[in-house]
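1. this one's structure only:
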């Protein structure tokens with residue numbers, strides 16, 4: 001058995017090998033990126049989740065971004081493209097700010113989609129609410 005205390009060259013070689021292994025580990029850890037890095041958004045939710053609205057009336061819906069713990073994220077400063085639509089515009093319409101107008105009795109979905117633009121790691125999330133004009 002060779003003891004490194006008797007062979008200084010082996011000591012140096014062992015130290016260099018260990019140093020290279022540590023550098024490779026650190027560099028490989030730094031290269032892994034979280035697709036949500038920079039915004040932390042995990043989910044988009046619409047509120048309310050459902051609404052009964054008299055025909056001719058309006059109801060304001062809103063949408064929020066949530067993190068992995070379900071907490072609301074402050075989206076100020078993030079570049080977000082919001083899109084709202086109705087699955088049946090004969091029953092109700094919805095504008096770009098989430099304001100629903102009931103046109104005729106029935107049921108349809110109000111859908112909101114948010115695309116958060118952060119470098120190359122864009123996030124797109126969507127949620128749906130049931131709207132029942134009466």
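-> Yes, it's here. Owing to the predicted nature of the structure, the values given are computational and were not obtained by experimental measurement.
2. and the helices in this protein, which stretches?
-> 8-30 (DSSP state H).
3. where does pLDDT dip in it?
-> Where the chain drops to pLDDT under 70, the residues are 1-39.
4. how is it divided into domains?
-> 1-32, 43-133 (automatic domain parsing).
5. quick one: those domains as JSON lines, columns for mean neighbour count too.
-> Glycine gets a C-beta too; all of them are placed from N, C-alpha and C. Putting the domains of the chain into JSON lines (neighbours: other Cβ atoms under 10 Å) gives the following:
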{"stretch": "domain 1-32", "mean neighbour count": "10"}
{"stretch": "domain 43-133", "mean neighbour count": "15"}
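6. which residues touch residue 51?
-> 59, 61, 100, 129-132 (Cβ atoms under 8 Å, 6 or more residues apart in numbering).
7. for these, give me CSV that also has distance to residue 53.
-> Shown next, in CSV, are the contacts of residue 51 (distance: Cβ to Cβ, whole Å):
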residue, distance to residue 53
59, 5
61, 10
100, 7
129, 11
130, 11
131, 7
132, 7
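8. wait, which of the residues you listed is closest to residue 70?
-> Closest to residue 70 out of those is residue 129 (17.8 Å), distances taken as Cβ to Cβ.
9. picking up where we left off before, just flag the most distant two among the contacts of residue 51.
-> Farthest pair in the contacts of residue 51, by Cβ to Cβ: 61 and 132, 13.5 Å.
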